[in-house]
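# Return atomic coordinates for the entry below.
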Amino acid sequence: MRDFLDLASTMYYEGHPILSDAEFDLLADKHNYTTVGYEVTDAVPHTYQMYSLQKCFMQQVTPLDIKDCIKTPKLDGAAVSLLYVNGLLQLALTRGDGVHGRDITDKMAQLVPNYIENKELIQITGEVIAPSSVPNSRNFASGSLGLKGLSGLEEFKTRPLVFVAYDATPHLDTTYACSLEILHKYNFNVVTRFNAVDFPMDGLVFRLKSNAKYDELGHTAKHPRGAFALKEQVAGMETTLLDVVWQLGKSGVVSPVAILDPVVVGDATVSRATLHNIEYIRDLNLEIGCKVEVIRSGEIIPRIVRRLD
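Purely as a prediction, here's the structure:
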């Protein structure tokens, strides 16, 4: 898994991500992966930690009473924090590991207000998204934030990207809805008003209406207790096994990788999947040219679960 995360990190920094920030962070947390991309000497701390959301699936018991919550679309792009000091945009960071991110101020200054009518220090969080009409729109958004240099910035300016705010710290009002209305008055797109019909969504977010109750519940090491994401299980898709290649990892372990006829699983196009080891191939009775069912394990890693013919 470390080899895969090394590859994902390198591709991100080259502007061609194979995972979104949220996907990378989830895997990094799960596997205690601490090296991000190249040596991350440019990592910058968020003023306030950016937490990921606890995920629940349909038919599961939810951790909060939804009557106490505001429901918003879970936009599917790249999470970003914006720091304003004395009303001026001072710093914009990718989510990174939630504690540190990469400085993308030059890019975000093209998408968000550079000045707001608030003299306090405030961190605004939200999502950079691209229209669903853009192939692999989530990766497109993440990759756009990884573009480098002046030429990368010029390319960024041409891309159809939107920033949608979903929170501010410290709170701007006693209720979540009113806080977002204030952000709207600052000329931000906000998740409660944004028409997301033409943009990728990954479920729904339920967040407590009362900011006081939200703060009272606090956080786990990874998630706020006052919000959660509700998602649908993604069904497996049929495709054809075209080839099997053997990949040498940095640890010296050789593992098989399936080359697949590209197929859309959930919201991602899958053309490769892990096969773990030779026993896994034998157990599934896999052969070149056979039909297989592919899922995204944990909604992230492509995996063949069975042979279909």
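
# hey, let's count contacts and neighbours off CA atoms from now on
OK.

# could you pull out the helices for the chain?
For the chain, applying DSSP state H gives helices covering 2-13, 21-30, 105-108, 137-145, 149-158, 176-185, 211-217, 278-284.

# Now do the fourth one against helix 149-158, angle only.
Meaning helix 137-145. If you take axes from the mean of the first three to the mean of the last three C-alpha atoms, to 10 degrees, helix 137-145 sits at 140 degrees to helix 149-158.

# Show me what helix 137-145 is packed against.
Other helices and strands packing on helix 137-145, by 3 or more C-alpha pairs under 8 Å, 6 or more residues apart in numbering; DSSP states H and E, are strand 78-85, strand 122-129.

# Please enumerate residues in contact with the last one?
If you take C-alpha atoms under 8 Å, 6 or more residues apart in numbering as the criterion, strand 122-129 is touched by 47-48, 75-85, 137-138, 141-142, 161-170, 199-200.

# Equivalent analysis for the first one, please.
Contact with strand 78-85 is made by 20-22, 46-47, 50, 89-95, 115-116, 119-129, 138, 141-142, as judged by C-alpha under 8 Å, 6+ apart.

# Run the chain-centre distance for that strand.
How far strand 78-85 lies from its chain's middle: 15 Å, per C-alpha atoms, centre = their mean, to the nearest Å.

# Please identify the pairing partners of that strand and their relative orientation?
strand 88-94 (antiparallel), strand 122-129 (antiparallel) (DSSP bridges).

# care to break the protein down by domain?
46-231, 237-307 (automatic domain parsing).

# Give me the below-cutoff pLDDT ranges for the stretch 151-300 of the chain.
Scanning the stretch 151-300 of the chain with the threshold set as pLDDT under 70 gives 233-234, 249-253, 267, 297-300.

# give me that answer again for 90
Applying pLDDT under 90 to the stretch 151-300 of the chain flags residues 200-203, 221-222, 231-237, 246-257, 264-270, 273-284, 295-300.

# Just the buried positions in stretch 44-60, please.
Across stretch 44-60, burial judged by 16 or more other C-alpha atoms under 10 Å covers 44-56.

# hmm, I was thinking of stretch 221-236
Buried residues in stretch 221-236, counting neighbours by 16+ other C-alpha under 10 Å, are found at 223, 224, 225, 226, 227, 228, 229, 230, 231, 236.

# Can you tell me, leaving aside adjacent residues, what's nearest to the fifth one?
By that I understand residue 227. Closest residue to residue 227 apart from its sequence neighbours, by C-alpha to C-alpha, 6 or more residues apart in numbering: residue 207 at 4.2 Å.

# what pairs with that neighbour across the strands?
Legend: beta-bridge partners of residue 207 under DSSP bridges are residue 70, residue 227.

# And for it, the neighbour number?
23 (other C-alpha atoms under 10 Å).

# OK, contacts around it?
Contact analysis of residue 207 by C-alpha under 8 Å, 6+ apart lists 69, 70, 71, 226, 227, 228.

# do residue 203 as well
73, 74, 75, 229, 230, 231, 232 are the contacts of residue 203 under C-alpha under 8 Å, 6+ apart.
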